[in-house]
Structures are given as C-alpha cells and as structure tokens.
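Enquirer: requesting a structural model of the entry that follows:
(2 chains)
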Amino acid sequence: MRLPSSSEPARWAALVNRVSGVLLSLFLPVHFWAMGQALEGAAQLDAFLAWTQQPAVHVAEIGLVVLLAAHFTGGLRLLALEFLDWSAIGPWHKDLIAVAAGASLGFGLLFALNIL
Amino acid sequence: MQARLWLAQRLAAVVLALCVLVHLITMIYAVRQGLSAAEILGRTRGNLAWFGFYLIFVAAVAIHAPIGLRAVLAEWFSWRGKSLDGALLAFALLLALAGARAAWGVFR
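Expert: Coordinates of the predicted model:
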C-alpha cells in the first residue's frame, strides 16, 4: 500500500474510504451483540447503555459517527464517479471530496453536540 | 465473478446510502435526551416498519462489507483464493445472523 502525498486528495479519499470501511466492519459484530442485549430484557439493555455513558465511550462513539459519515459521503462520491457521466462530474471531483469531508465532520459535530 | 461481486457491492451501497442517512439522523435525534432502553424499545418494539428497515439494513451490509473487505485484504495483505472467500462468507453469515438477531431483539 502506498500512502498518498498531500497533493493527492483523490488518493486520500480512497484511503479514508477503505480504512473507515475496515473499521466499521470490525465494529459491526460488537454493535449487533450490544443491540442483541435487548433479547435479555430492557434492564439488560439499560445496564449496557449505562456503561456507554463514560466520556471515553462518548469520544469513541463520536469517532464512529464520523467514520460512518465519511464512508457514507465518500461512498456517494464514488457511486457518482462510477455511474454518472465523467464529463459532468470530473471537473468537480476535488470539490466533491471537500463536500464529503465537510459533511462527515458536520455529522460528527451534530452528534457530539447532542450527546455531550 | 468479480464483475458480479462488484455490481452486488454497488447495489448494496445504494440501499445502504439510504439506510445510513436514516440511521445517522435517528442517532443524532435519539441521543438528545440520553439513550435508554425505554427510548430505543419505545420506538422499535412491535414496529414492523422499523423491523423491516433494520432487516434490509442488515442484509445490505452483510453483502457490502465482506465484498469490500475482500478487495482490501487482497490488496493490503495479498490474501486471495478459497481461504479468503471462505472466511468472508463466514463473516457475511455472522453479520447477517447477528444483525437479524439484534433487529429481532429490539422488535419483539
């Protein structure tokens, strides 16, 4: 794997998409296990949710929301590049990266403001 | 095979785009008063629309994530062949079953 240089936004975007995808894939089984606590009853789910009220867990949750939003917005960008007319999208491809990055951080900030 | 996997991943991505948008908005809204079992289960328990939504969400991610990991693992670690496909098929089944279990857990 070659790390992108700072002058290669498209390579950075590809790297962010891959790393966020891998991290989210690793998180998913944990997330499903956590939500499956509801099978043991509301009290069991509440006990787990109480554990999540720690500051470190909140920080991790904000990070996960940014990862999810980055994979979502970066993925929309990739779908646009792959399925829409390149002559229409091409001139805007760096702007799309900036919009995706801004939107991801925006989602993270909105979540942080609501959870903290 | 590669072309079919690519297409399946992209079709799943389109479904996921809608699901993730709903999930992000729901999360941001839901944590405003602090998450509790009452808040989550009050929204989902006995609600067929949310149950259907989460099942579609789980199915799409069980298709999308393993195919994406397949490309990354092949590129970063040169892991290819039947062992990789077998491991990722197992991962897809884990996601599908654990996800469906979680969806059932908050619905029933």
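
Enquirer: now do the contacts for the residue positioned nearest the centre of chain B.
Expert: What sits nearest the mean C-alpha location of chain B, by Cα atoms, centre = their mean, is B:V61, with 2.9 Å. By Cβ atoms under 8 Å, 6 or more residues apart in numbering or on different chains, the contact list for B:V61 reads A:L28, B:A12, B:L16, B:L95, B:G99. C-betas here are computed from N, CA, C, even on glycine.

Enquirer: how about the helices in chain A?
Expert: Using DSSP state H, the helices of chain A run over A:9-35, A:42-51, A:55-83, A:86-89, A:93-115.

Enquirer: export the helix or strand of chain B with the lowest mean pLDDT as CSV, just CAs?
Expert: The weakest-scoring helix or strand in chain B, judged by mean pLDDT, DSSP states H and E, is helix B:37-44 (a mean of 94). Extracted C-alpha coordinates of helix B:37-44, given in CSV (Å, rounded to 0.1, in the frame of the first residue of the first chain):
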residue,chain,number,x,y,z
ALA,B,37,-33.8,1.1,26.7
ALA,B,38,-37.2,2.8,27.0
GLU,B,39,-36.3,5.3,24.2
ILE,B,40,-35.0,2.6,21.8
LEU,B,41,-37.6,0.0,22.5
GLY,B,42,-40.4,2.6,22.6
ARG,B,43,-39.5,3.3,19.0
THR,B,44,-38.9,-0.2,17.8
